[in-house]
Structures are given as C-alpha cells and as structure tokens.
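Enquirer: turn this into a model:
(2 chains)
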Amino acid sequence: MRGKKFFSILLALAMMLTLLSACGGDSADSGSDSTASGSGGDSSDTVKVGVLLPLSGSTAYYGGVQLDGIEFCVNYINNNGGLSSLGGKQIELVTQDSASDPETGVSAFEKLVEEGVVAVIGPYNSTVAAATVPLAIQYQVPYIIVNSTAENFMSTENKYVYRTNTGSTDGDNMWTLIIQYLNQVRSDNPTDKIAIVYDSGDWGTAAVNTWRENAAKMGYEVVVDEAVTESTTDMSTLVNKIKSADTDLVITACFSAATNLLVKQMSEYGCTAKVAGLGGGVGDTEFIENCGDAANGVLYSAPWIPSYGGAGDEATALAEEFNTTYGYEMTMEPCWGWLGMATIINAIEDAGAADREAVADALYQMDVDKSDWSLWFSGYDGVHFATEGQQNSVFGDTGVRYNNNDKLGETDGMVLVQVQDGKWTIVYPTSYNDGADTIQY
Amino acid sequence: MTVSILTQALIDGILIGGVYAVIGLGLSLAYGVMGVVNWAHGEVLMVSMYISYYLTKFAGFDPYLTALVNILVLGVVGFILQKYIFNRLINRGKAAWRDILLFTAGMSMALQALFNLLFGAEVKSVETRYSGMLELGNMLVSVPKLISFLLAALCCAGLYVFIQKSEMGRALRATSQDRITAQLMSINANLVYCVAFVISLGIVGLSGALLTPFYSVNPYVGVSFCFKAFIIVAMGGKGNIPGAMLSGVIIGVIEKLGGAMVGDNLAQIFIFVLFILILLVKPEGILEKRVRG
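Expert: Predicted coordinates:
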C-alpha cells in the first residue's frame, strides 16, 4: 500500500517538475518598465530586441556563449553611436531562457512578443525553433534564427523568419569536396567505410541524414549508424563496433559530453579511425583540453571563424577584445550570434523605424556582401535570403526552404580544421596553407 | 554481429555495472533504512564529481584518492542534513517521506542552478594517469574501469560485512524493520538515521571519484545516473546490498549487450522494460523473499 502511494507521489512529482521547468525562465535582463505590446513603440529611448536562448538545461553552455556574441555585437553598435537612422537610439536586449525545451521556449517567445520587441533572435535548439517559428509568423514578429540548422521549420512561406547561418543540408557541397580531397591524399586507402554517430535530437538527426543518402554518390559504405544522447554514460560497445568494422572515418554530430566520451573511448580502445565532427561538441572551447592527447587528429568541418586565421583587421581587433571581455576565444556560437544580431541591426537601419513590418520588409530585401560589418566573423559571401519570386534568389536549388541565406559561397563558408599538436589548424581548403597538404590522415 | 563484440560488451557491461551499483546502493541504503528517497541523489553525485575533477585537475590529486575527500565532505554534509533537517521532518509527523522527497527535489534543482552559475554549463573532463587496456586474448579490459569496478565491489562487500556483523549494522537493520520497536530496545534511531545517510552520501562521494577517470562532468550529469539508481533500488530491493550489486551489473550488461545489438540509445528501452516487469512480477526486488501478511 505504502509502496503504491510512494510511486504515485513520485510520478506526480515528476510531472510537477516538468510543469515547473515549463513555467520557469524569467530573465534577469527583462527588467523593463514598458510592458505595452505592439511593435516596439517609438516613444522610448531604446529599441528592444528579444533574445531567446537556452540558458539552462542540457544546452545551456551553447546558449550562454551565443548570448555573449549577441551582446558583444549590440555593445559594439551602442558604443559607436547607436542606431544612426533612428537618431542614435540604443539597442536594448530583452533576454528569455528557453531552458533548452520547446514548451518553455513557446511561453518565453510569447513573453518577448508582449514585451514589445521589434525582432527576436535565437533560439539555438532546432526543436525550440520548430516550436516558435509558427508563433513568429502568427504574431508577425521578425525572427532571425541562429544555429538551429534543422530544415523542417524552413518550409513555410512567410516574410518574418530568416536564417543567416547554414542549414544542415548546406554542408553537402563542402563534404563532397572534402571526401574527394581525402581520397586524393590517401589514394592507397580511400575513405570508403564510414561510421555515423549522432545525437538523437533534431540537429543530430538532421545533420547526418544526407550522409546516408549520399553514400552511393560519394562512394562509401555506412558500416555503423547509431544515435547517442548527452546522457549516454558509456560508448565502449559502439567504439568496438566501429573498430571491428575497419572504419575509415567516423562522422559525428553530437554535443559535448557524447563527443568527449566517443573521442576518449576510441583512443582508449585503440580505435584508429579518424573522427570528423560536424559541429556541437568538437566546436567547444574546452574540447581539446577535455580530451587531451586523444583529441589529436580529430577533424571538424567548421564554419570559418577568425581564430583559424585570415581575418580582417577590424575582426582581429574585435576578436581580441572579445577574448579579454569574456575570457575565452570567440567560437562559432558567438560568431553566428554576431552575424544574426548584426543582420537585425542592418534591417532596423534600413527600415529607419523600430517597426516590425518595416524590419520584416527590410530583411526580405536584405542584400549585403562579404565586406559588410555583419560578416566580419563569418566565411559567407554575403547575406541575402532565398525567397520564391524574389529578385536574384536561387530559391529552388536545395529543395523547399524559405528565407535561408543563399549567399553562402562554394564551401558554404566552411573550412576543414584538424587538431594538430593540441591546436585547431586549417587543413582544407589548402589555399590557407599555400596549397600544401598538412592534413594528418 | 560477431561473438567478440558481444563478449567485449559483456565485459564492459559488468565493469560499468559495478559503478552503477555503487551509485544505486547509496540511494538504496537511505531508502531501506529510513523509507525516504533522496531525489537529489544524482546532484550529490554531480557535486562529488566536481570535487574530484577540480582536485585531480588543479591540485594534482590521484583521482581515486579524491574519494577520501569526497567521502569526508559529503559525509559531513549528510550528517548536517540528516541531523538538522531530515530528522526533524521525520520526528514531526507521518508524511516525512513526502516532505523529504519535496525538500530534496528542490535541492536537486538548486544544486543544478548553483553549479551552472559557479562553474558554467560546459562539460569538463580530466586526463588521468589511469588509462590503457589489459589485453585478454582479443578482448580488451579498460584499466580505469577495472579499478573502479574492483573498488566498487570492495565497497559493497565492506558495507555488507558492516551491516551484517557490526553492532551499528544490526541497529541499522533493526531500525529499518521497525523504528518504534528498535527504539524500545534502546537504539538511538536518530543516530542510526544519521549514520545511514552519512554512509549513503559517502558512497556517492566514492562513486564520483570512481567515475572521474573516464567520465565528464557538467551540472546536469546527475540525471542520467539518478534514473539508473532508482531502477537499481526497485530491482535490488531496498537496502539490499547484494541485490544492488547484482542489479547494477544486470543493468550494465543489458545496456552493453543491447547496445551491441540495437544501439546504445534503444538499449535504454530494455532497461525500462525490465524495470516495469520487475515492478509487476517481483516488486519487492529480485533477491528479496516475498513476505506474506
């Protein structure tokens, strides 16, 4: 009797916890006196932009560093005279925590709308993006998607939701080039056996989909194909499968804990296949430190960021400033945060008003090239959104996607980097190394 | 699917199962003696993993030696919690188990948030001198996991002897069976509860050190271990040490063999299916005799 009662209380508690986490997420930054809804009212001294990011929960780390990049961008503008087309008005960020959870994300997004923000940037997690994109369209709020590379929420025709960074299907070109390059470097041992290890969430699942579809085209066989999660506590069995299948390359799309575990256990079990990360865990500032020697040789098809080399003067100086301000090197998340935030700022400047419709129209018309300040921390050719019927749009080339950035360039703004002597080094395109093959493969 | 992958999975399952067992044992002991559940069990484990991580990484401690510090720190914390909070709740009235459940649930969230604030949400792990493999034929046995398993087994055995043979162990067993009668036999139940909870948290401290050489820590790491610990309590029978050890190993082996056959992620389903089956068929635990009446 008591046991039954105990378990029913336990269940009730579990449900309560879920509810609590859904209600939580009030932000420290939202201490604003104006609660009027509408479109960012012109009467105040600031223009409010909403930020929706995971600041707690399993992806809190990524949300935190992305927020740093967004703040850094806003501070840059605010300290350099504010929004010039609005008489020097300052930008005020209103931050909400999605708790890495779609349900919390939905209520957090609605709070931002009520706060009267002129646009929203976020939400890092693809699952949260899928839940909040319909709200942006419903409430007619410009929404710049950062990270969230899944494609499922980019298929609704609208003029409010835009994504500045690559989507999960954009890495294809780059990887076709990389596989060709690997086969050229190791013509004695072509990369024909591939293992796929991915996070079971939206991003991981979407990121590896094309790896299965393209197997025949790119001339490899998928010998191991497994989902893991951040709470996977041991991967020895998986590592042994990879090892006994004589795998050449392990493609991973996992977050930190899983990536660390995989890399460390592969080294432990003497598995010599090379690991290539598509993002997530390999992109962490502490990845190399966490994995130590086991990290050497790990490949990462990374969006180009200034720390890999080849940045302009302003970007180099700012990256240095970021480093001193926040205490770590600017990784992909803050860089993508900058691009998204700068795009919103550009749109507000173009619109000349803190008005949701005008900003949405400006985003629809957005067309900047590589030299624009918004692209200082990204490797893309520019920002221009592919929307059906729009002038210069390449819409249709990559399936039905609305408002994705179609000025990504031939390598989708990416480079292949490898951990060599404990540091990330660009190994492809070889033009970064004057054409020399520096890859250890 | 070759035999060698399955054998290797079996070895890995037994080794990691030993560590799961110790984590579950801590929970089981407190539940067995006091009938209360520490919902923050996983977060206490997280705290001990952070202590081990920082001591190993920055103070040059041997990861296994950090267990002593963990046991000391968490033992003191356990004593304070039990003496000044839980015992008061228990002595106050009937629904103490509910109050403690709610208290520790709050504690679990608070600890996650606090550690996120203090140390950041990023995943941290440390390289230790314990690495490498023993080769048995074509099978590989991970040295750190083997050491962790042996220490775990030693801990279980030591605790078993303590509970079966020592005077305090008898008091623990007596109090777990009937607190009022035990008190009538001049057993200080409050003290016994303190001892039980100190041991419970001390074991978690040990587990944190056992995990450090091969696992990484972040503020949310406790959750995945906590669920396994709950299953171990239900499977092994509350307070049953051999039961906890056996359940831990069973969970480890199912996880690894399942992982070899259908993948690690799907293998988790098998563990929960087994859990439900045991709740239905043998709710008192796999090694417990059914008591009628």
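Enquirer: count the residues that sit near the closest residue to chain B within the stretch 151-300 of chain A.
Expert: Among the residues of the stretch 151-300 of chain A, A:Ser231 lies closest to chain B, at 3.3 Å counting by CB to the nearest CB. Every residue, glycine included, has its C-beta placed from N, CA and C. A:Ser231 is flanked by 17 other residues according to other CB atoms under 10 Å in any protein chain shown.
Enquirer: tally of neighbours for the nearest residue to it once chain neighbours are set aside?
Expert: Distances taken as CB to CB, 6 or more residues apart in numbering or on different chains place B:Ser224 nearest to A:Ser231, at 3.3 Å, with adjacent residues excluded. Using other CB under 10 Å, B:Ser224 has 16 neighbouring residues.
Enquirer: the helices in chain A, which residues?
Expert: A:2-23, A:60-78, A:102-114, A:126-139, A:172-185, A:202-213, A:215-218, A:236-244, A:256-268, A:287-291, A:313-326, A:332-351, A:356-365 (DSSP state H).
Enquirer: using TSV, lay out those helices together with mean neighbour count.
Expert: Shown next, in TSV, are these (neighbours: other CB atoms under 10 Å in any protein chain shown):
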stretch	mean neighbour count
helix A:2-23	12
helix A:60-78	23
helix A:102-114	21
helix A:126-139	22
helix A:172-185	18
helix A:202-213	20
helix A:215-218	13
helix A:236-244	25
helix A:256-268	26
helix A:287-291	22
helix A:313-326	15
helix A:332-351	25
helix A:356-365	20
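Enquirer: got a markdown table for those, with mean pLDDT too?
Expert: Formatted as a markdown table, these follow (pLDDT from 0 to 100):
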| stretch | mean pLDDT |
| --- | --- |
| helix A:2-23 | 50 |
| helix A:60-78 | 96 |
| helix A:102-114 | 96 |
| helix A:126-139 | 96 |
| helix A:172-185 | 88 |
| helix A:202-213 | 86 |
| helix A:215-218 | 87 |
| helix A:236-244 | 90 |
| helix A:256-268 | 91 |
| helix A:287-291 | 89 |
| helix A:313-326 | 94 |
| helix A:332-351 | 96 |
| helix A:356-365 | 96 |
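Enquirer: got the ones you listed as TSV, with distance to A:Ile91 columns?
Expert: Below are the helices of chain A laid out as TSV (distance: least, CB to CB, whole Å):
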stretch	distance to A:Ile91
helix A:2-23	29
helix A:60-78	5
helix A:102-114	14
helix A:126-139	19
helix A:172-185	33
helix A:202-213	29
helix A:215-218	44
helix A:236-244	46
helix A:256-268	31
helix A:287-291	32
helix A:313-326	17
helix A:332-351	7
helix A:356-365	12
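Enquirer: now the residue of the stretch 151-300 of chain A closest to chain B: how far from A:Glu268?
Expert: A:Ser231 sits 20 Å away from A:Glu268, going by CB to CB, to the nearest Å.
Enquirer: cool, B:Arg173 as well?
Expert: 41 Å.
Enquirer: any figure for the gap between the residue nearest to A:Ser231 and B:Ile271?
Expert: 12 Å.
Enquirer: next one: A:Thr104
Expert: According to CB to CB, A:Thr104 stands 28 Å off from B:Ile271.
Enquirer: leaving out chain neighbours, which residue sits closest to the residue sitting nearest the centre point of chain A?
Expert: With distances taken as CA atoms, centre = their mean, chain A has A:Asn147 as the residue nearest its mean C-alpha position (2.4 Å). Counting by CB to CB, 6+ apart, A:Tyr124 is the residue found nearest to A:Asn147 once chain neighbours are left out, at 4.6 Å.
Enquirer: list the contacts for that neighbour?
Expert: A:53-54, A:59, A:62-63, A:66, A:98, A:146-148, A:333 (CB atoms under 8 Å, 6 or more residues apart in numbering or on different chains).
Enquirer: which one of those sits closest to B:Ile16?
Expert: Taking CB to CB as the measure, B:Ile16 lies nearest A:Thr59 of these, at 25.5 Å.
Enquirer: what's the neighbour count on that closest one?
Expert: 29.
Enquirer: cool, and A:Asp372?
Expert: Neighbours of A:Asp372 (other CB under 10 Å): 15.
Enquirer: quick check: phi and psi on it?
Expert: phi -70, psi 150 (degrees, to the nearest 10).
Enquirer: where do the helices of chain B begin and end?
Expert: Under DSSP H, chain B gives helices at B:3-34, B:41-58, B:66-81, B:87-92, B:96-119, B:143-165, B:167-177, B:179-184, B:189-211, B:222-236, B:241-262, B:264-281.
Enquirer: what is the fourth one packed up against?
Expert: Spelled out, it's helix B:87-92. In terms of contacts (3 or more CB pairs under 8 Å, 6 or more residues apart in numbering or on different chains; DSSP states H and E), helix B:87-92 is packed against helix B:96-119, helix B:189-211.
Enquirer: tell me which of these is the most buried.
Expert: helix B:189-211 (a mean of 25; mean count of other CB atoms under 10 Å in any protein chain shown).
Enquirer: now that one: mean pLDDT?
Expert: For helix B:189-211, mean pLDDT is 94.
Enquirer: that helix vs chain A: in contact?
Expert: No. Using CB under 8 Å from any CB of the partner chain, no contact is recorded between helix B:189-211 and chain A, whose separation bottoms out at 8.6 Å.
Enquirer: check contacts around A:Asn404.
Expert: Contacts of A:Asn404 by CB under 8 Å, 6+ apart are A:154, A:162-163, A:167, A:170, A:385-386, A:398.
Enquirer: wait, A:Ala60 sits on A:Asp101?
Expert: No. Using CB atoms under 8 Å as the test, A:Ala60 is too far from A:Asp101 to be in contact (11.1 Å).
Enquirer: between the two, which contacts overlap?
Expert: By CB under 8 Å, 6+ apart, the residues touching both A:Ala60 and A:Asp101 are A:Pro54.
Enquirer: get me the contact residues on the stretch 51-200 of chain B for chain A.
Expert: Going by CB under 8 Å from any CB, the residues of the stretch 51-200 of chain B near chain A are B:97-98, B:101-102, B:105, B:109, B:112-113, B:116, B:120-127, B:131-133, B:140, B:142.
Enquirer: including distance to chain B, could the helices of chain A go into a markdown table?
Expert: Below are these laid out as a markdown table (distance: least, CB to the nearest CB, whole Å):
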| stretch | distance to chain B |
| --- | --- |
| helix A:2-23 | 6 |
| helix A:60-78 | 4 |
| helix A:102-114 | 14 |
| helix A:126-139 | 16 |
| helix A:172-185 | 23 |
| helix A:202-213 | 11 |
| helix A:215-218 | 18 |
| helix A:236-244 | 4 |
| helix A:256-268 | 4 |
| helix A:287-291 | 5 |
| helix A:313-326 | 11 |
| helix A:332-351 | 12 |
| helix A:356-365 | 31 |
